[in-house]
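# Give me coordinates for this.
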Amino acid sequence: ILVLRARTEVLFDRLSQRGYGEKKRDENLEAEIMQVCLDEAKESYDKEIVVEVHSNTIEEMESNVDRCKIWVEQWIKDNA
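Next up, the predicted model:
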């Protein structure tokens, strides 16, 4: 289970660029500050399979995609 995280200033800028209203932006920022998604993932799944990854920069996002590709390829090999 991947939980994507971002610094609040990065998240604010992204949501603003996407045209999110103030209420929706505030809800998302509060959830990020309070780690709502991370905590819910840890409560819902075995903690060992919950992976927190940062997604602040293009480089981090590309690294996350590469990591997911490797995991999927390995899963296919192990379960084919």
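# ok, residue 7 to residue 63 distance?
Separation of residue 7 from residue 63 (C-beta to C-beta, to the nearest Å): 16 Å. Quick note: C-beta positions are derived from backbone N, CA and C, even for glycine.
# residues near residue 6, how many?
For residue 6, the count of nearby residues is 20 (other C-beta atoms under 10 Å).
# ok, it - contacts?
Applying C-beta atoms under 8 Å, 6 or more residues apart in numbering, we find residue 6 in contact with 14, 32, 54-56.
# Filter those down to the buried ones, ChimeraX style.
Here is the ChimeraX command that picks out the buried ones among those, judged by 16 or more other C-beta atoms under 10 Å:
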select :32,55
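# Mark which of the contacts of residue 6 are part of strands, please.
Taking DSSP state E as the definition of strands, these contribute residue 54.
# And the contacts of residue 6, which is closest to residue 21?
The nearest member of the contacts of residue 6 to residue 21, counting by C-beta to C-beta, is residue 14 at 14.1 Å.
# quick one, phi psi at the residue nearest to the closest one when sequence neighbours are not counted?
In space, and not counting its chain neighbours, residue 14 is closest to residue 6: 7.2 Å by C-beta to C-beta, 6 or more residues apart in numbering. Backbone torsions for residue 6, taken as degrees, to the nearest 10, come to phi -150, psi 150.
# mind checking the SS state of residue 30?
Under the three-state scheme (DSSP: H, G, I helix; E, B strand; the rest coil), residue 30 adopts helix.
# ok, residues contacting the helix or strand hosting residue 63?
Of the helices and strands defined by DSSP states H and E, residue 63 is found in helix 58-79. By C-beta under 8 Å, 6+ apart, the residues outside helix 58-79 that reach it are 2, 4, 53-55.
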